[in-house]
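Asker: Okay, sequence plus prediction incoming.
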Amino acid sequence: MRILVIEDEQKMSSYLHKGLTEASFTVDIANDGRQGLFLALHDEFDLIVLDVMLPEIDGLEVLKRLREQKQTQVLLLTARDGLDDKVKAFELGADDYLAKPFAYAEFLARIRTLLRRAPRVTCDFLLVADLKIDLVNRRVRRGNVPLDLNEQEFALLQLLAQRRGEVLTRTFITSQIWGINSDSDSNVVDVAVGRLRAKIDSFFDKKLLHTVRGMGYVLEDKSLT
């Protein structure tokens, strides 16, 4: 299972990363609220460990924005243990609340309890900035604008979105879209990407599909990097 830890204290994040990894979890770390919110919204996690006191965007605001789009389980960490703080956290959608300092054994027990009771859901859509990909109905929107993609363009966009932020080589794209034994050359990929870019980027100020010279293509919101 995959866990996102959003924690700005280096010592604490390293401690949690080590412990959770040893407990056989896959762990991603974000060191501020802005980065944490981006990862939480644009990737899939089984659970999020979220500190309240964060730079850029505080933990409660991260939680509030997350709940507008996702219901990922959230364990909130905070140095504040007052009743009002707990009530506010639960009202915003926290699934559990743990005050610092805490014993690691209790932390791990709470993690496992949350994961046991969490419903197993599949991802029905992908988001990259204001680009929304509906995987069930196979529809794409950029903001409020519907985009008309053919099957090949949709498959290419889905591949790029599922691996957003990662530079995909032409060879890899060819193997995934046209098949490992395909005779398609890099020019076919370039043409396909060009057609996709024309539909998802041409009429919008923020560009999401980028060429990395000598390497390949990446789909990402560069304003958040």
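Answerer: Nice, thanks for sending it over. Numbering: from 1, shown residues only.

Asker: how close does the most centrally placed residue in the chain get to V193?
Answerer: Central residue of the chain (C-alpha atoms, centre = their mean): D43, 2.1 Å from the mean position. Applying C-beta to C-beta, to the nearest Å, the value for D43 to V193 is 22 Å. For the C-beta atoms, the positions are set from N, CA and C on the backbone; glycine is no exception.

Asker: Tell me the confidence at the nearest residue in space to M215 that is not next to it in sequence?
Answerer: Closest residue to M215 in three dimensions, ignoring its sequence neighbours and counting by C-beta to C-beta, 6 or more residues apart in numbering: V167, at 5.0 Å. At V167, the pLDDT value in this model is 89.

Asker: where does this structure have low pLDDT?
Answerer: The model of the chain has pLDDT under 70 over residues 81, 118-123, 179-186, 224-225.

Asker: Please, where are all the helices along it?
Answerer: In the chain, the helices defined using DSSP state H lie at 10-22, 33-42, 59-67, 83-92, 104-117, 151-162, 170-177, 186-200.

Asker: looking at the ones you listed, which is closest to V145?
Answerer: For the helices of the chain, the distance to V145 is smallest for helix 186-200, at 9.9 Å, taking C-beta to C-beta.

Asker: got the buried residues for the closest one?
Answerer: By neighbour count on 16 or more other C-beta atoms under 10 Å, the buried set for helix 186-200 is 188-189, 192-193, 196-197, 199-200.

Asker: any idea which of those residues is closest to V5?
Answerer: Scanning the buried residues of helix 186-200 for proximity to V5, where the rule is C-beta to C-beta, the winner is I200, at 31.9 Å.

Asker: I figured that closest one hits L147, correct?
Answerer: Yes: counting by C-beta atoms under 8 Å, I200 sits close enough to L147 to count as a contact (6.2 Å).

Asker: Common neighbours of these two, please.
Answerer: V140 (C-beta atoms under 8 Å, 6 or more residues apart in numbering).

Asker: hmm, back to that, now the helices of the chain in TSV, with distance to D130?
Answerer: Converted to TSV, the helices of the chain look like this (distance: least, C-beta to C-beta, whole Å):
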stretch	distance to D130
helix 10-22	30
helix 33-42	12
helix 59-67	14
helix 83-92	24
helix 104-117	31
helix 151-162	13
helix 170-177	24
helix 186-200	10
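
Asker: Look up the closest residue to M12, ignoring the ones flanking it.
Answerer: Distances taken as C-beta to C-beta, 6+ apart put D51 closest to M12, at 7.8 Å, once the chain neighbours are dropped.

Asker: before we move on, what about R110?
Answerer: Nearest one to R110, counting by C-beta to C-beta, 6+ apart, is D96 at 5.5 Å.

Asker: What is the burial count for the residue nearest to M12?
Answerer: Counted by other C-beta atoms under 10 Å, the residues lying close to D51 total 25.

Asker: For it, which residues are in contact?
Answerer: Counting by C-beta under 8 Å, 6+ apart, D51 makes contact with 6-9, 12, 59, 76-78.

Asker: Mind checking which of those residues are in strands?
Answerer: 6, 76-78 (DSSP state E).

Asker: any idea which of those has the most stuff around it?
Answerer: If you count neighbours using other C-beta under 10 Å, the busiest of the ones in strands among the contacts of D51 is I6, which has 28 neighbours.

Asker: Tell me the bridge partners for that residue.
Answerer: For I6, the residues forming beta bridges with it (DSSP bridges) are A30, L50.

Asker: That one contacts D58, correct?
Answerer: No: taking contact to mean C-beta under 8 Å, the distance of 10.6 Å between I6 and D58 leaves them out of contact.
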